[in-house]
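Asker: can't give you the sequence, but here's the structure:
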Ligand SMILES: [Ca+2]
Ligand SMILES: [Ca+2]
């Protein structure tokens, strides 16, 4: 067919072919730095609360938010980790966030030492998401020994562990005095009455570490002092 112009016979439209399944994939992960523990240490049998914020960074909605909390010897999630609790949050649309809070108990038989609390999203892969590589976050947690040496003084719970100190250090934990804004002073004396170490504990809450590697073996006295506070603990360095 003869036309006056052959250059205007084509029209084009942009068309993007997409995979409808992939575009609707959710991806649960954690909002950066949102994960915290109610305490960074506790004895076996202690209750802790884990808080975090879940984010769906995928393009599709998540039909649920399965998650679980584990006690682990390391920062990776594997079969040896002990589940402390689990829950399943509601649906979470793309680009939305949701608070996570779970109370858990450190198993009573847990040996004292350094551990990690792992928070794991989608631990059983029950939710299909675009990445499972961003589903674990970890926080250091120290399991302390509930010693007979604990005592209650002016609302303060004092723990010393290990005692005898055989591992090159001992830890002193102060807790339970949240109403007191006063500081506490921890002073370690040898049996000659010489001061060998001192620590300040702001707000009378926290864990202080005393290294014992440079100390001679023997008995030391730890004085815990402050406003209306004077406790003496006997420490054995081995
Ligand atoms: Ca994910
Ligand atoms: Ca592990």
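Answerer: That came through fine. Here the structure is a predicted model, which is why all the values come from computation and not from measurement. Ligands and ions are numbered 1, 2, ... in the order given.

Asker: quick check: domain ranges of this protein?
Answerer: Domains of the chain are assigned by automatic domain parsing as 20-144, 151-237.

Asker: Out of those, name the one with the poorest average pLDDT.
Answerer: Mean pLDDT is lowest for domain 151-237 out of these, coming in at a mean of 85.

Asker: rewinding a little: out of the domains of the chain, which is closest to ligand 2?
Answerer: Closest to ligand 2 of the domains of the chain is domain 20-144 (CB to the ion; 3.5 Å). C-beta: built from backbone N, CA, C; applies to glycine.

Asker: Write out the residues of this structure neighbouring ligand 2.
Answerer: 72, 74, 76, 78, 81 (CB under 5 Å from the ion).

Asker: mind listing which of the residues you listed are in strands?
Answerer: Among the residues of the chain next to ligand 2, the residues falling in strands (DSSP state E) are residue 72.

Asker: Sort out which of the residues of the chain next to ligand 2 are buried, if you could.
Answerer: Those of the residues of the chain next to ligand 2 that meet the buried threshold are 72, 81, by 16 or more other CB atoms under 10 Å.

Asker: residue contacts, the most centrally placed residue in the chain?
Answerer: For the chain, the residue nearest the mean C-alpha position is residue 139 (3.2 Å; CA atoms, centre = their mean). Residues near residue 139 by CB atoms under 8 Å, 6 or more residues apart in numbering: 35, 36, 37, 40, 116, 117, 119.

Asker: ChimeraX command for the buried members of these?
Answerer: Buried residues within these, by 16+ other CB under 10 Å, are selected in ChimeraX with:
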select :35,37,116,117,119
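
Asker: Would you mind giving the contacts of residue 139 as JSON lines with secondary structure and distance to ligand 1 added?
Answerer: JSON lines is the format used below for these (DSSP: H, G, I helix; E, B strand; the rest coil; distance: CB to the ion, whole Å):
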{"residue": "35", "secondary structure": "coil", "distance to ligand 1": "15"}
{"residue": "36", "secondary structure": "strand", "distance to ligand 1": "20"}
{"residue": "37", "secondary structure": "strand", "distance to ligand 1": "22"}
{"residue": "40", "secondary structure": "coil", "distance to ligand 1": "26"}
{"residue": "116", "secondary structure": "strand", "distance to ligand 1": "19"}
{"residue": "117", "secondary structure": "strand", "distance to ligand 1": "19"}
{"residue": "119", "secondary structure": "strand", "distance to ligand 1": "13"}
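
Asker: Farthest pair within the contacts of residue 139?
Answerer: Farthest pair in the contacts of residue 139 (CB to CB) is 40 and 119. Separation: 14.7 Å.

Asker: what's near enough to touch residue 168?
Answerer: By CB under 8 Å, 6+ apart, the contact set of residue 168 is 211, 212, 213.

Asker: Show the buried residues in those residues.
Answerer: Among those, the ones that count as buried by 16+ other CB under 10 Å are residue 212.

Asker: mind giving me CSV with the contacts of residue 168 and columns for secondary structure?
Answerer: Formatted as CSV, the contacts of residue 168 follow (DSSP: H, G, I helix; E, B strand; the rest coil):
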residue, secondary structure
211, strand
212, coil
213, coil
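
Asker: export the domains of the chain to CSV and tack on distance to residue 12?
Answerer: Shown next, in CSV, are these (distance: least, CB to CB, whole Å):
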stretch, distance to residue 12
domain 20-144, 24
domain 151-237, 69
